[in-house]
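Engineer: sequence and predicted structure, then a few things I'm wondering about:
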Amino acid sequence: MIQSSSSTALPNIPLYKNKELIGSERTRLFRRSQADIEKIMPDVRTIIETIRNGGDAAIVDYVRKFDSPEFRVDQIRVSKADITKAYADVKPETLVLMKRQIDISRNFHEKQAERLYADADWSIEYVPGVRTGVRKGSIGNVGLYVPAGKAPLPTVAQILTVAAKAARVPRICVFFPPTNYYPEIIVAADLAGADEIYRVGGVAAIAAMAYGTESIKPVDKIAGPGSPWVQAAKLQVFGQVGIDMLSGPSEGLGMVDDSANAAWVASDILARCEHGPDSCFPIVTTSSAMAKAIQVEVAKQAPERSRYEKFIKPALANGYQAIILVDSIDEMVDVANEYGAEHLHIQVRNAEDVSKRIRNAGSIFIGPFAPVPVGDYASGTNHCLPTSRAVAYSSPVGPETFMKNNEYQIITLEGLQALAPIVRAISDVEGLDAHKEAVDIRLRS
């Protein structure tokens, strides 16, 4: 690690030369804060079984304990009257901008869905008389989880619902914890097209989506971010229902050269850190001067942010922040692909060309005027993204998250005759003579 010469008071982000960042230190930085859910699994399992067996009454007990002491069973589902009241309670100017936000999100996701559905039923006939194909369609029922712990997130309600709606899901259910009133969450879900909205959060919400209660019909797939408890619950009900992914703390990575604005880059770091004390946004740069300028700017700006003491300050000290010095853009690209960030912000010359070399990233923000918060709130792309290096094998939530394929085959007598020798031979190898007979009985007729 390179000791900074800056006299600026803490917080101070450490500098590393990439080629000297090896062993356990590199592993720690690149692994970052992956939530350890194993230790809470037994407690999560107990809650799930309590909800599964106790239904609405168990949900009320759970909500009273964790979210709202006066909660009643008739508050589980948000009523039409509740939705009407929520619209009246959202500031008119906020409502206008929420509608605009959803319009932008809907346009992006519907264009995705159009491309997916454009080739939704296709087939080939490679063997004469044997036509094989795929039909794509939506999942029937989905449950969307909207966190409201560290902050209410109406933007999650709209972006998940918009994606499911674009996929043509017939029944879309939104769940959020009633830790407060949150009319914006209700309005965002309704504007985006949710069919049902429920005031249930945490493990209880996941259990209710998976197994149902008197008030809640179960769903086929669950999507959405949440606390380690929510993620542990999603993992435990997987198999009973599908899940989108396991979502960890918010994270990002900045690719920066000497053309960047240090103050802007510092603001990007702080925007990630205010999500929580386990969030991170390391920087990879070719410029040591830029690295030191970023350190100074972070220390200057951080105390001015409203969530500095509670979230930003501990995030800057969590051991997952770093500025990594590299010798070239090629090395920078290699580091970015190795890190595999949820959000990747590229602020270098020829940023778009560089972006085309990125293999592992959830969402890529290209150029100095594309800060990550714009993707969080306004650009229309989905901000429910893989974390903790899961970008190496998974994709952002989108319409395809809420779709599935059915394969089919249409076989004529000619086709069956052509395939029969393969079936007979493999049936003999596997000792499954009934398989062979299911073909031969038709050919003897």
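Structural biologist: Received the coordinates, thanks. Residues are numbered from 1 along each chain as shown.

Engineer: helix, strand, or coil at residue 342?
Structural biologist: Under DSSP: H, G, I helix; E, B strand; the rest coil, the three-state class of residue 342 is strand.

Engineer: residue 131: which element?
Structural biologist: strand 130-138 (DSSP states H and E).

Engineer: who does that strand touch, helix- and strand-wise?
Structural biologist: For strand 130-138, the packing partners by 3 or more CB pairs under 8 Å, 6 or more residues apart in numbering; DSSP states H and E come out as strand 121-127, strand 403-411, helix 413-430. For glycine as for every other residue, the C-beta is placed from the backbone atoms N, C-alpha and C.

Engineer: would CSV of those with mean neighbour count and mean pLDDT be doable?
Structural biologist: Converted to CSV, those look like this (neighbours: other CB atoms under 10 Å; pLDDT from 0 to 100):
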stretch, mean neighbour count, mean pLDDT
strand 121-127, 11, 98
strand 403-411, 13, 98
helix 413-430, 13, 98
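
Engineer: got the ones you listed as CSV, with distance to residue 113 columns?
Structural biologist: Formatted as CSV, the helices and strands packed on strand 130-138 follow (distance: least, CB to CB, whole Å):
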stretch, distance to residue 113
strand 121-127, 15
strand 403-411, 8
helix 413-430, 34
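
Engineer: so which of the ones you listed gets nearest residue 294?
Structural biologist: strand 403-411 (41.5 Å; CB to CB).

Engineer: buried stuff in the helix or strand bottoming out on mean pLDDT in the chain?
Structural biologist: Least confident helix or strand of the chain, by mean pLDDT, DSSP states H and E, is helix 23-31 with a mean of 92. For helix 23-31, a neighbour-count test (16 or more other CB atoms under 10 Å) marks 26, 29, 30 as buried.

Engineer: for that helix, which outside residues touch it?
Structural biologist: The contact list for helix 23-31, computed with CB atoms under 8 Å, 6 or more residues apart in numbering, reads 1, 16, 21, 282, 319, 320, 322, 338, 339, 388, 389.

Engineer: how about the contacts made by the nearest residue to residue 75 once chain neighbours are set aside?
Structural biologist: Of all residues beyond its chain neighbours, the one nearest residue 75 is residue 199 (5.6 Å), with distances taken as CB to CB, 6 or more residues apart in numbering. By CB under 8 Å, 6+ apart, residue 199 lies in contact with 63, 68, 71, 75, 76, 77, 78, 175, 176, 177, 178.

Engineer: how about 10 Å then?
Structural biologist: Counting by CB atoms under 10 Å, 6 or more residues apart in numbering, residue 199 touches 59, 63, 67-68, 71, 75-78, 82, 175-179, 181-182, 185-186, 205.

Engineer: phi and psi next, for it.
Structural biologist: phi -90, psi 70 (degrees, to the nearest 10).

Engineer: from residue 82, how far off is it?
Structural biologist: 9 Å (CB to CB, to the nearest Å).

Engineer: which residues do the two both contact?
Structural biologist: Counting by CB under 10 Å, 6+ apart, the common neighbours of residue 199 and residue 82 are 75, 181, 186.

Engineer: of those residues, select the buried ones using a ChimeraX command.
Structural biologist: To isolate the buried ones among these in ChimeraX, judged by 16+ other CB under 10 Å, type:
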select :75,186
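
Engineer: check contacts around the nearest residue to residue 66 once chain neighbours are set aside.
Structural biologist: Spatial nearest neighbour of residue 66, excluding adjacent residues (CB to CB, 6+ apart): residue 202 at 6.1 Å. Residue 202 makes contact with 44, 47, 62-63, 65-67, 145, 147, 149, 175, 177, 179, 226-227, 229-230, 233 under the criterion CB under 10 Å, 6+ apart.

Engineer: give me the subset of those residues lying in helices.
Structural biologist: Within these, residues falling in helices by DSSP state H are 44, 47, 62, 63, 65, 66, 229, 230, 233.

Engineer: so the fourth one sits against residue 201, correct?
Structural biologist: Yes. The pair formed by residue 63 and residue 201 meets the contact definition of CB atoms under 10 Å, at 7.5 Å.

Engineer: shared neighbours of these two, anything?
Structural biologist: 177, 178, 179.

Engineer: who wins for neighbours among those residues?
Structural biologist: Among these, residue 177 has the most neighbours (other CB atoms under 10 Å), with 27 neighbours.

Engineer: name the nearest residue to it, ignoring sequence neighbours.
Structural biologist: Spatial nearest neighbour of residue 177, excluding adjacent residues (CB to CB, 6+ apart): residue 201 at 2.2 Å.

Engineer: same question for residue 44.
Structural biologist: In this structure, residue 44 finds its nearest non-sequential neighbour in residue 232, 4.5 Å apart by CB to CB, 6+ apart.

Engineer: please look at that neighbour and residue 207 and confirm they touch.
Structural biologist: No. Judged on CB under 10 Å, residue 232 makes no contact with residue 207 at a distance of 11.6 Å.

Engineer: neighbour-wise, which of these two wins?
Structural biologist: Legend: neighbour count by other CB under 10 Å for residue 232 and residue 207, higher for residue 207 (30 against 26).

Engineer: which residues touch that one?
Structural biologist: Applying CB under 10 Å, 6+ apart, we find residue 207 in contact with 44, 47-54, 58-59, 62, 200, 213, 216, 218, 233, 236-237, 240.

Engineer: and the pLDDT for the residue nearest to residue 177?
Structural biologist: With respect to pLDDT, residue 201 scores 97.

Engineer: so how far is residue 100 from the nearest residue to residue 101 once chain neighbours are set aside?
Structural biologist: Closest residue to residue 101 apart from its sequence neighbours, by CB to CB, 6+ apart: residue 378 at 6.0 Å. In this view, residue 378 and residue 100 are 8 Å apart by CB to CB.

Engineer: the two: which is more packed in?
Structural biologist: The residue with more neighbours, out of residue 378 and residue 100, is residue 378; 14 against 11, by other CB under 10 Å.

Engineer: I'd guessed the more buried one sits against residue 155; true?
Structural biologist: Yes. Residue 378 lies in contact with residue 155 (CB under 10 Å); the separation is 8.9 Å.

Engineer: so what sits against both of these two?
Structural biologist: 101, 105.

Engineer: isn't residue 20 up against residue 326?
Structural biologist: No. Using CB under 10 Å, residue 20 is not in contact with residue 326; the gap is 11.4 Å.

Engineer: more neighbours, those two?
Structural biologist: Using other CB under 10 Å, the more surrounded residue of residue 20 and residue 326 is residue 326, with 21 against 12.

Engineer: could you find the closest non-adjacent residue to residue 170?
Structural biologist: residue 140 (5.8 Å).

Engineer: wait, what's in contact with the one you found?
Structural biologist: By CB under 10 Å, 6+ apart, the contact set of residue 140 is 169, 170, 171, 219, 220, 221, 402, 404.

Engineer: measure it to residue 400 for me?
Structural biologist: Applying CB to CB, the value for residue 140 to residue 400 is 16 Å.
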